[in-house]
Structure formats: structure tokens, C-alpha cells
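Novice: pasting the structure only:
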């Protein structure tokens, strides 16, 4: 039995090293750049040349690749920025803790260093609904609009009824050394088919994000300044909780709970509204690309429409 385990581990290590060697071509063909944001460097890609900057923020622990098809379209109308948060894919991990406030500070420094045109339009998926909160609160005068796609909520687990809480919460969160070990033997590569995920796992950035969201995020949000935003906000919510393998009755209760949180998020701004993508689940970036593009472009054209009216 032990010999089988040892052989499996050795085979996994060889498989992983071959995979890492093969993806060196991705680093050579990167279209973006690295910029120092205060002791560590973030990778970003800038497209377009408009007077408005659309900033895309991925869910956890996603990276800039999630937005390629949307940024290609939007960059025809505005400047677009996609980037990797600290410790994800091509960005340095840095020494700062993974918190929404530190992520907000990194983003602020990144946009300032590369002279991204103001105003900004923020577009975020999932955990970006948490990460964006400090940035929006601190920079409302620089923000033309916000589009949140099925955003996470600080109380999505704690406020859930007991009967559905277990269905929404991951059953097991391994120690960091376990994740590092499985990363070295190629399990993440084998299961996800993502040739670049190992970078985010090796740096610890992916682990730190999930750890923060599961354990420290709610307390940080409770201690953050409260108040209503004054920026246009669109929340595009999933109407079909297909990511939960539960009975239909329980799925409806999960959907009702999730919808109440999405409505609450839309009310963070006095100019907020909510759109329900009835047929889509949480991972809707590609299935709902036309709807998302439409809402972003409405934000892009807000300033021009205002000038025409005046």
C-alpha cells in the first residue's frame, strides 16, 4: 500500500513538473505589464483608449483571464483594466494580509501608477462584491458606475437559515500545507485543467483569499464605515442556483435567501437597481455576456448622455 502511495506521489510530481515546463510559453506571450504598488508588483493588462476606465475585478481566487472576452468588447468604447490581485497568477504575493481594504489600496495604487483615466466604472463578479466595498466608499467622486455580477455578501453564511447553511458552506477547508502538497503533485492541474492555477496556489495567494472570505471578511465589513453610496449601481443576480446539488425544495430556499442578499446589496447605493438573470447560475460571465456588456456600456455612456442633456 505504501509503495503504491509513493509511486502515485512520484508520478504526480513528474506530471506537475512537465506541466509547469510546458506553460513557460504563456509567460513569454503575456500582453500586460507589472507595476510596483508598494513593495510588491501587480500584473495588469490595459486595452482601449477611452476617457473612461472600466476596471474588472474577478471573484476568488480568479485572475484577469476571466474577463478577456468582455474586455475585448468594452475596450472598443473605453479604456479597460484587468489585473491579478496580490498572489494570484502573475502578481507578487507581497507582505500584506488579504483583506478588502488592502486589496482596495492595491487597486488604488495600480490605477494611479498607470495613469488610468478617470472616472472609473467598476465591474466585479462574486467576491468582488466584497473587495470593491472599501474602494467605492473611498472614491465615489471618481466612480461613474458599478456593475456587480452575483456579488458575495458579508452575511451570506451567517444570516442563512440553519437548514441551508450547511449546503452553502464548504464542508472542509484544508491547512495550507495540504494545499501546497497537492499542488506539487499535480492534483489541481488534473482536476481543473487550468495550466496556470499552480502559480496562485504556490504563492499562497489563493489560499489566503479563501481563508479571509471564510474567517475574517465578515468582521472587517462590520468594522468598515457604513453609509449609502451615491454612484449608479447595477446588481445582476443569478436566478438559478444550479451550483447546489440539493433537493428542489431546499434549492428554492437557498435562492430566496440569496435573492434577499442581492436586493440588500443593490440598496447600498441610492442609485441602485437589480436585474435577475433567470436562467443563469453563479458562473454567468460567459452565458450572460450580452446582458453584462449592455449594462457596462450604459455606464460608459452616462457621462456623454449627461453632457448632451445639459
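Specialist: Structure received. If you're wondering where the values come from, they're calculated on a predicted model, not measured in any experiment.
Novice: how far out from the middle of the chain is the longest helix along the chain?
Specialist: The helix that spans the most residues within the chain, counting by DSSP state H, is helix 2-22. Centroid separation for helix 2-22 versus its chain: 31 Å, with C-alpha atoms, centre = their mean, to the nearest Å.
Novice: now what about that helix, what contacts it?
Specialist: If you take C-beta atoms under 8 Å, 6 or more residues apart in numbering as the criterion, helix 2-22 is touched by 183, 184, 185, 186, 187, 189, 190, 195, 198. C-beta coordinates here come from the backbone N, C-alpha and C atoms, glycine included.
Novice: List only buried entries from those.
Specialist: Among the contacts of helix 2-22, those classed as buried by 16 or more other C-beta atoms under 10 Å are 183, 184, 185, 186, 189, 198.
Novice: Quick check: the gap between the fourth one and residue 88.
Specialist: By that I understand residue 186. Using C-beta to C-beta, to the nearest Å, residue 186 is found at 20 Å from residue 88.
Novice: so what's residue 275 closest to, chain neighbours aside?
Specialist: Take residue 275 and drop its neighbours on the chain: the residue closest to it by C-beta to C-beta, 6 or more residues apart in numbering is residue 236, 5.0 Å away.
Novice: What is the neighbour count of that neighbour?
Specialist: Each residue near residue 236 was counted by other C-beta atoms under 10 Å, and the total is 24.
Novice: Ok, residue 191 next?
Specialist: Neighbour count of residue 191, defined by other C-beta under 10 Å: 10.
Novice: What of the one 5 residues further on?
Specialist: The criterion is other C-beta under 10 Å. On that basis, residue 196 has 17 neighbouring residues.
Novice: cool, and residue 127?
Specialist: Residues near residue 127, counting by other C-beta under 10 Å, number 24.
Novice: okay, residue 138: pLDDT?
Specialist: Looking at residue 138, its pLDDT reads 95.
Novice: hang on, it packs against residue 107?
Specialist: No: in terms of C-beta atoms under 8 Å, residue 138 does not count as a neighbour of residue 107; the distance is 10.5 Å.
Novice: Looking at the two now, which is surrounded by more residues?
Specialist: Legend: neighbour count by other C-beta under 10 Å for residue 138 and residue 107, higher for residue 107 (25 against 15).
Novice: wait, what's in contact with the nearest residue to residue 48 once chain neighbours are set aside?
Specialist: Of all residues not flanking residue 48 in the chain, residue 75 sits nearest, at 3.3 Å (C-beta to C-beta, 6+ apart). Counting by C-beta under 8 Å, 6+ apart, residue 75 makes contact with 47, 48, 50.
Novice: try it again with 10 Å
Specialist: When contacts are counted by C-beta atoms under 10 Å, 6 or more residues apart in numbering, residue 75 touches 45, 46, 47, 48, 49, 50, 54, 81, 82.
Novice: Could I get the pLDDT score of the nearest residue to residue 176 once chain neighbours are set aside?
Specialist: Leaving aside its sequence neighbours, residue 176 sits nearest to residue 207 (C-beta to C-beta, 6+ apart; 5.1 Å). At residue 207, the pLDDT value in this model is 95.
Novice: Please work out which residues outside the helix or strand where residue 207 lies touch it.
Specialist: Assigned by DSSP states H and E, residue 207 belongs to helix 205-211. For helix 205-211, contacts defined as C-beta under 10 Å, 6+ apart pick out 59-63, 84-89, 91-94, 96-99, 103, 127, 131, 170, 173-180, 183, 188, 197-201, 204, 217.
Novice: List only buried entries from those.
Specialist: Buried members of these, scored by 16+ other C-beta under 10 Å, are 59-63, 84-89, 91-94, 96, 98-99, 103, 127, 131, 179, 183, 188, 197-201, 204, 217.
Novice: on that earlier part again, retrieve the pLDDT associated with the residue nearest to residue 275.
Specialist: 98.
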